[in-house]
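In: pasting the sequence and the predicted coordinates here, then a few questions.
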Amino acid sequence: MTDVSAVSAVSDASAVSDASAVSARLADASDQPIAERLWLLFQHDMSEFSGALPNPDGTFRSERLQAAFTQADWAPYLLTSGACPVGLAVVRGLSAPTRVLNSFFVVRGARRAGIGLRAVQEVVARHPGPWEVAFQERNIAAVAFWRRVATEIAGDVWSEERRPVPGRPELPPDTWIAFSAPGPR
């Protein structure tokens with residue numbers, strides 16, 4: 001007897017092993033329910049570093065995601081591989097001198113295949129110019145990932161600094177990477 005879940009898992013994994021199959025597209029209102037589910041997964045992952053617990057209804061705070069769908073200076077992106085959602089990106093500061101990749105998430109089954117790097121490259125290419133992204137130094141995978149992203153996009157012309165987390169003095173400072181994304185060629 002064939003285990004259908006095992007066959008499905010193998011075919012799903014092969015679908016996301018090719019980074020060129022990833023797409024980052026601006027999400028619209030019809031994508032919001034998918035983005036909200038991905039947000040829960042993202043916040044669950046981040047709770048390891050932030051210490052955040054779910055709300056009584058099992059959700060996490062989602063003000064940043066809501067802002068991405070409602071505020072003119074923000075943009076939500078849905079990351080897909082074929083028909084499958086594999087992550088999300090939230091950008092703020094679209095009209096500011098420096099854009100901020102406020103939130104970025106790739107589902108665990110799609111990590112370490114180049115999909116995250118490809119997705120970041122697509123998102124920042126849509127908004128050339130200066131960028132910043134914050135991460136937690138305790139998140140070892142994020143440290144390596146964001147340094148690689150900065151190097152891939154900007155070569156050796158990027159900077160890194162630590163800044164206190166606003167309103168959270170009990171947390172260690174965030175690490176911020178700044179780089180500039182080239183415009184269309």
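Out: Sure thing, it's come through. Being a predicted model, the structure only gives us computed values, none of them experimental.

In: quick one: the residue nearest to residue 142 when sequence neighbours are not counted from residue 36, how far?
Out: Using C-beta to C-beta, 6 or more residues apart in numbering and skipping the chain neighbours, the partner closest in space to residue 142 is residue 135 (4.1 Å). (Glycine included, C-beta is placed from N, CA and C.) Using C-beta to C-beta, to the nearest Å, we find residue 135 at a distance of 22 Å from residue 36.

In: higher neighbour count, those two?
Out: residue 135 (20 against 15; other C-beta atoms under 10 Å).

In: returning to that earlier point: what residues are up against the residue nearest to residue 142?
Out: 142-143, 146, 174-175, 177 (C-beta atoms under 8 Å, 6 or more residues apart in numbering).

In: now do the contacts for the residue nearest to the spatial centre of the chain.
Out: Taking C-alpha atoms, centre = their mean as the criterion, residue 104 is the residue nearest the geometric centre of the chain, at 1.1 Å. Applying C-beta under 8 Å, 6+ apart to residue 104 gives the contacts 87-90, 116, 119-120, 133.

In: tell me which other helices or strands the host helix or strand of residue 35 touches.
Out: Here residue 35, judged by DSSP states H and E, is contained in helix 32-50. Other helices and strands packing on helix 32-50, by 3 or more C-beta pairs under 8 Å, 6 or more residues apart in numbering; DSSP states H and E, are helix 63-70, strand 74-81, strand 84-92, strand 99-106.
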